[in-house]
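Engineer: I would like to see how this sequence folds:
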Amino acid sequence: MTDSKYFTTTKKGEIFELKAELNSDKKEKKKEAVKKVIASMTVGKDVSALFPDVVNCMQTDNLELKKLVYLYLMNYAKSQPDMAIMAVNTFVKDCEDPNPLIRALAVRTMGCIRVDKITEYLCEPLRKCLKDEDPYVRKTAAVCVAKLHDINAQLVEDQGFLDTLKDLISDSNPMVVANAVAALSEIAESHPSSNLLDLNPQSINKLLTALNECTEWGQIFILDCLANYTPKDDREAQSICERVTPRLSHANSAVVLSAVKVLMKFMEMLSKDLDYYGTLLKKLAPPLVTLLSAEPELQYVALRNINLIVQKRPEILKHEMKVFFVKYNDPIYVKLEKLDIMIRLASQANIAQVLAELKEYATEVDVDFVRKAVRAIGRCAIKVEQSAERCVSTLLDLIQTKVNYVVQEAIVVIKDIFRKYPNKYESVIATLCENLDSLDEPEARAAMIWIVGEYAERIDNADELLESFLEGFHDESTQVQLQLLTGIVKLFLKKPTETQELVQQVLSLATQDSDNPDLRDRGYIYWRLLSTDPVAAKEVVLAEKPLISEETDLIEPTLLDELICYIGTLASVYHKPPSAFVEGGRGVVHKSLPPRTASSESAESPETAPAGAPPGEQPDVIPAQGDLLGDLLNLDLGPPVSGPPLTTSSVQMGAVDLLGGGLDSLMGDEPEGIGGTNFVAPPTAAVPASLGAPIGSGLSDLFDLTSGVGTLSGSYVAPKAVWLPAMKAKGLEISGTFTRQVGSISMDLQLTNKALQVMTDFAIQFNRNSFGLAPAAPLQVHAPLSPNQTVEISLPLSTVGSVMKMEPLNNLQVAVKNNIDVFYFSTLYPLHILFVEDGKMDRQMFLATWKDIPNENEAQFQIRDCPLNAEAVSSKLQSSNIFTVAKRNVEGQDMLYQSLKLTNGIWVLAELRIQPGNPSCMDLELSLKCRAPEVSQHVYQAYETILKN
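Structural biologist: Just a heads-up that it's a prediction; the model follows:
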């Protein structure tokens, strides 16, 4: 007998058995077989071989069997597109079945079969179902359009389905309306440019009517659609809010959040004086509080959304502090989120309650939570000044517990309290120093070193304390090393005789033994400062620090406005716009809140200053580490932020005249508002000194604008001069001049490419200068600069940049970057571009100021061979903002008394004596008086330039 019997079997296998059952005549057996097929498919077995047999079972009246077959079809149509076409006829037939459930089922399945070959056969049945008499079929067909659009957008547009969808928004059945809105929103999201949801007051009214009768998910679709609508005025906004408010009491939290989103958006348009505005604020609090009684995961989502709402409108929840108190069984992620919101809501009214609660949290067992609680106490001290003392004593109590991580966090926050309230709580330093040995975390060690360095004069053994850190210098983290370097330099500047050895040691460790470029650079800067000019070093290192602001972790206002538009979505949980986490960013539209209407402008909006505050005052924020020195190689700066500049921290380092006396000496005696912090702006990079490019000469009129058509104020414009020759800039030649037109200053540049390669990626930056000149916009060179091509650009300038006294006063150091390199040059700007339009003083004021300025501040100059008479002199100077206050004739001599004002508020008074003589070229005597006499020489040069050209 052969061995072939081992290879033969009577069993035909599972697939064969199922095939036989599927072709059985008995309906029950067929149904059981299809169920077995679906079961096998569900657990991942491949039953695609049975495709023709299963499709044959479609011809049945049994709804259950039909559903199972459709389920199989959806799964395998993609892998068997040719077979799937066999089912098309059945679909077409089922779409005309008398039973609406079967019609809807056929449409739903059609939408789920993502096979291009089949889609065109499905258009006709879909068109019929969109106009079906049964609303269930219509609502299913509406969603099918969105699915079909995803497979073949062009087909849907050609077949006119989008117009049919728009018509469904006016359907009598609310569920159809909701599904039509959902489908259109989905399509509109993937095609932002197509204006599909063309919302107007009539369609909004239909949506609001449908809102009351929809299922909960239908309501969410409609509310999300409403949130994308911008009402035409505050009355329409109020009317929509009134009709949406009832949704706040819905049981489904997603409906509640969608309603909150609509209300938060439309509240932007309501005036805060309206009674309705106050009512709405009161109505928003209870639903948000209710969300916090759900399960932890929902609580977390609610808290992340509440965090945004509290930043935008803290007044909504200001009386609801207690619901954010932490429960013992809350998961850590809920606890931390509640803690954050508690601090945002902390105010003078509830601070005692909050502090008692936080002190309790600081004795919990969860280390992360305890750390956050201790930080929170510090944030409360900084936010609510009246509570600072109580917070400090609470922190000292916590330090006495000697729990290591509590002590370390407390030291970190006390450092910030010292920054916020200088010379107030320094008595606690002794207690902090006792805990020095227990510190092992970089942040706490760095904070302690900062405290010792900053208050070295109050600590007897400061040198010993800092020396103890030096022993393991190379094992410390970068943060501690940098702080230690600065701390020891501060100590040396305060106690030079005792610490010379210590400072030598730390400087050599930082510069010679370290691989870290940040540490090395800081070490070299300190070394050079100390060796060349200890006085300057003292002014730099021990400069007064700006106060820190109460909220350093607030979301930036424009991002916050965008996130408010995404309440109830993933963006509101991540606190990031969708473009930051949606793959490929397809269809991500940047949303923003509607603009306030004129009637609803309010002094309290976060963008405007508080009602009583002067426009120049804004809370100072701790500058981020990266802000302190702009990176010259990354010069592509955006346009400066309008509004008052933020104060930068201490003086920036530059290779040029590191201090130059600042502008304080220049403006010491000026009235309030000149000099000082009003000048300081966000820092720009320090630019190394250039090789002194040639300065403009040969003055004629640019573009023939003397007719006054172009330069409306008629201010004199010098011709362009070469500032940067091509040989010094690898083929880039820069010529330019400065103009002042109708109150705005610009730098007119001509860039010429004399190299053999294309130049792109241009950017420009100025070093700090005497009058804070800075680019007001990026350098826009729209097309690449080809070889031998020249382009002319007008760069607008502002005078809110960083200030540093230059030598000479009108020196401007510029860095220009392109794809080849960074190039530096310096040029002198004519002072008359800084003469402002409101520089005319009245006579009494002129007289009083002239007497008030000491005589030693008066400077005399002569202007020879001026070809103008008194009248012409006065009018020519006025066109450059030098104003004649009074005129008289003494013994045949014309005397002009003039005033001008610089952009930084310095006034210059002039007496111009015109000697009688040859009318074609007279001699003028100019006397200038100014509280900043350094300016006089440059004002005289401006006079001469204007009068002789």
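Engineer: what is the mean pLDDT for stretch 841-851?
Structural biologist: Per-residue pLDDT values over stretch 841-851 give a mean of 88.
Engineer: meant to ask about stretch 815-828
Structural biologist: pLDDT averaged over stretch 815-828 gives 90.
Engineer: before we move on, what about stretch 109-122?
Structural biologist: So the average pLDDT for stretch 109-122 ends up being 76.
Engineer: Identify each buried residue in that stretch, please.
Structural biologist: For stretch 109-122, the neighbour count (16 or more other C-beta atoms under 10 Å) marks 109-111, 113-115, 118-119, 122 as buried. Any C-beta I mention is one placed from the backbone N, CA and C, and that applies to glycine too.
Engineer: which of those sit farthest apart?
Structural biologist: 109 and 119 (13.1 Å; C-beta to C-beta).
Engineer: rewinding a little: of the buried residues of stretch 109-122, just say which sits nearest to residue 158.
Structural biologist: Out of these, the member with the shortest distance to residue 158 (by C-beta to C-beta) is residue 119, at 11.7 Å.
Engineer: Quick check: closest non-adjacent residue to that closest one.
Structural biologist: residue 152 (5.4 Å; C-beta to C-beta, 6 or more residues apart in numbering).
Engineer: what does the domain assignment say about this protein?
Structural biologist: 346-438, 441-540, 721-829, 834-948 (the TED database).
Engineer: JSON lines please, covering these and showing mean neighbour count and distance to residue 184.
Structural biologist: Shown next, in JSON lines, are those (neighbours: other C-beta atoms under 10 Å; distance: least, C-beta to C-beta, whole Å):
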{"stretch": "domain 346-438", "mean neighbour count": "18", "distance to residue 184": "44"}
{"stretch": "domain 441-540", "mean neighbour count": "18", "distance to residue 184": "51"}
{"stretch": "domain 721-829", "mean neighbour count": "19", "distance to residue 184": "38"}
{"stretch": "domain 834-948", "mean neighbour count": "17", "distance to residue 184": "53"}
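Engineer: how about residue 393, secondary structure?
Structural biologist: helix (DSSP: H, G, I helix; E, B strand; the rest coil).
Engineer: So for whatever helix or strand residue 397 lives in, mean pLDDT?
Structural biologist: Assigned by DSSP states H and E, residue 397 belongs to helix 388-400. On average, the pLDDT along helix 388-400 is 86.
Engineer: hmm, which helix or strand of the protein has the shakiest average pLDDT?
Structural biologist: Sorting the helices and strands of the chain by mean pLDDT, DSSP states H and E puts helix 664-667 at the bottom, at a mean of 32.
Engineer: got the residue ranges for the helices in the stretch 751-900 of the chain?
Structural biologist: 843-852, 870-878 (DSSP state H, counting those that start in this stretch).
Engineer: Just send those back as JSON lines, with distance to residue 33 too.
Structural biologist: JSON lines is the format used below for these (distance: least, C-beta to C-beta, whole Å):
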{"stretch": "helix 843-852", "distance to residue 33": "104"}
{"stretch": "helix 870-878", "distance to residue 33": "101"}
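Engineer: Surely residue 269 is within a helix?
Structural biologist: No. Going by three-state DSSP, the assignment for residue 269 is coil, not a helix.
Engineer: Let's check: the centremost residue of this structure is which one?
Structural biologist: residue 556 (5.0 Å; C-alpha atoms, centre = their mean).
Engineer: Residue 500 touches residue 492, doesn't it?
Structural biologist: Yes. Using C-beta atoms under 8 Å, residue 500 makes contact with residue 492 at a distance of 7.0 Å.
Engineer: residues shared between the contacts of those two?
Structural biologist: Here residue 500 and residue 492 have no joint contacts, going by C-beta atoms under 8 Å, 6 or more residues apart in numbering.
Engineer: Show the model's pLDDT score for residue 541.
Structural biologist: Residue 541 carries a pLDDT score of 87 in this model.
Engineer: and if you look at residue 440?
Structural biologist: On the pLDDT scale, residue 440 gets 81.
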